[in-house]
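A.B. asks: Let's see this in three dimensions:
(chains A, B, C and D)
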Number of protein chains: 2
Amino acid sequence: MILQRIILGFLAMGPLSGYDLKRHFDSTVDYFWSADKAQIYRTLAALVSEGLAEVRTVPGVGGPSRQEHRITAAGRAALHEWLTSDLDQTPERNAFLARVFFADDLSPAEIAELLEQRRSAVRATLAALELVRDSAPAPHDRAGRLRLATLDNGLRHTRTELDWLDSLIEELP
Amino acid sequence: MILQRIILGFLAMGPLSGYDLKRHFDSTVDYFWSADKAQIYRTLAALVSEGLAEVRTVPGVGGPSRQEHRITAAGRAALHEWLTSDLDQTPERNAFLARVFFADDLSPAEIAELLEQRRSAVRATLAALELVRDSAPAPHDRAGRLRLATLDNGLRHTRTELDWLDSLIEELP
DNA sequence: CCCAGCTAGTCGACAAATCAGCTAGGTGTG
DNA sequence: CACACCTAGCTGATTTGTCGACTAGCTGGG
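C.D. replies: Model prediction:
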């Protein structure tokens, strides 16, 4: 599954604990992938049992000890194989569009409310992404440029969503 | 869950069988929600057991008989309640962006290949959506305008994705 | 008449994701 | 020193979603 590969991707940058991974997901890639911590720990266990990662207990410096996970050669091979395989088709899932699709059940005021709710949520997302972009250092290597590109993707789609909302709100009588 | 509400939305337009629903998902809302047929049938059973829909066996005209599902008053109320409730936050899941994020593991040629694969997939999506838009009749009521708006949303995001890909492919050395 | 193909529905097994709760070490504050 | 809070990890239960196979009725073509 894809979560396994994403975790391998993070481990390829350096050894990490489950806790570290959870923070990575919540802070850096949340706009394109999120993960529950229970699942992160189980996926790490699966990676180890498949020989794609290794664990090492590291005594905690000022805190509990950590289970540090390190990618193995087999893990790197699996990561590379995923990166070069045919694109996984992830099903689109957009609950908001589903609401709009069936929104004729609502009064004009209720529709307006629905769209406004969405607009403020999207504006918040936009502000958050802009903050990430502005506080990120200028990329100095290809890896950094690629990561910045994914952020740019998020920004562009967020702006597209906002534009669409604006024109829909204006168009609707 | 959301699938239940979406199915209620379809049932609100008229009675449907599980088979009908599967075709609706595959043809009209696939670009923002997809569903496995096994799950559609199970969700229909759940709707009936919760009193949100009713079944009726209709002898098939030229074919096997159908289990026609009809929304109940309670079902309409549940649908309306969902449409006016706080926005469900669906986790973003974009496996392609995940690949780009970790793509530094790849050679320039492999990255180019990854982006090209995506570009042709996105172009195909764009063509498919444009076909849907061009073959759809002009909306004559608000319900039609809302459904057309969701299609427009898909088109805009698809174009945004294409633009982003174009600029990334150009930018990368 | 056989078979392919469409309509229609069901089941079991499994994988993935989510939710809630639990243990436990360490730090800093009132 | 009690308490809140952060780090760190784990488990059970449940829900959702996916895959594959299977039954069955009817139609049209070769």
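
A.B. asks: Do me a favour and get the backbone dihedrals for A:Thr28.
C.D. replies: Backbone torsions of A:Thr28, given as degrees, to the nearest 10, read phi -100, psi -30.

A.B. asks: how many neighbours does it have?
C.D. replies: By other C-beta atoms under 10 Å in any protein chain shown, 17 other residues sit near A:Thr28. All C-beta atoms are positioned from the backbone trio N, CA, C, and that covers glycine.

A.B. asks: Identify the residues contacting it.
C.D. replies: The neighbours of A:Thr28, taking C-beta atoms under 8 Å, 6 or more residues apart in numbering or on different chains as the test, are A:Arg147.

A.B. asks: Which pLDDT value belongs to it?
C.D. replies: On the pLDDT scale, A:Thr28 is placed at 93.

A.B. asks: now swap in the one 10 residues further on and tell me
C.D. replies: Taken from the predicted model, the pLDDT recorded for A:Ala38 is 97.

A.B. asks: any idea which helix or strand carries it?
C.D. replies: A:Ala38 belongs to helix A:37-49 when elements are defined using DSSP states H and E.

A.B. asks: got a list of what A:Asp105 touches?
C.D. replies: B:9, B:12, B:76, B:79-80, B:83.

A.B. asks: Flag every residue of chain A that's near DNA strand C.
C.D. replies: Contact residues, chain A versus DNA strand C (C-beta under 7 Å from any atom of the strand): A:1-3, A:34-39, A:60, A:62-64.

A.B. asks: quick one: the host helix or strand of A:Leu8 near chain B?
C.D. replies: Following DSSP H and E, one finds A:Leu8 within helix A:2-11. Yes: using C-beta under 8 Å from any C-beta of the partner chain, helix A:2-11 reaches chain B at A:2, A:5-6, A:9.

A.B. asks: Who wins on neighbours among the residues you listed?
C.D. replies: Most surrounded of the residues of helix A:2-11 next to chain B: other C-beta under 10 Å gives A:Ile6, at 26 neighbours.

A.B. asks: Once you drop chain neighbours, what's closest to that one?
C.D. replies: B:Ala98 (5.1 Å; C-beta to C-beta, 6 or more residues apart in numbering or on different chains).

A.B. asks: distance of the residue nearest the centre of chain A from B:Arg99?
C.D. replies: For chain A, the residue nearest the mean C-alpha position is A:Trp33 (2.5 Å; C-alpha atoms, centre = their mean). Separation of A:Trp33 from B:Arg99 (C-beta to C-beta, to the nearest Å): 11 Å.

A.B. asks: Thanks a lot, see you next time.
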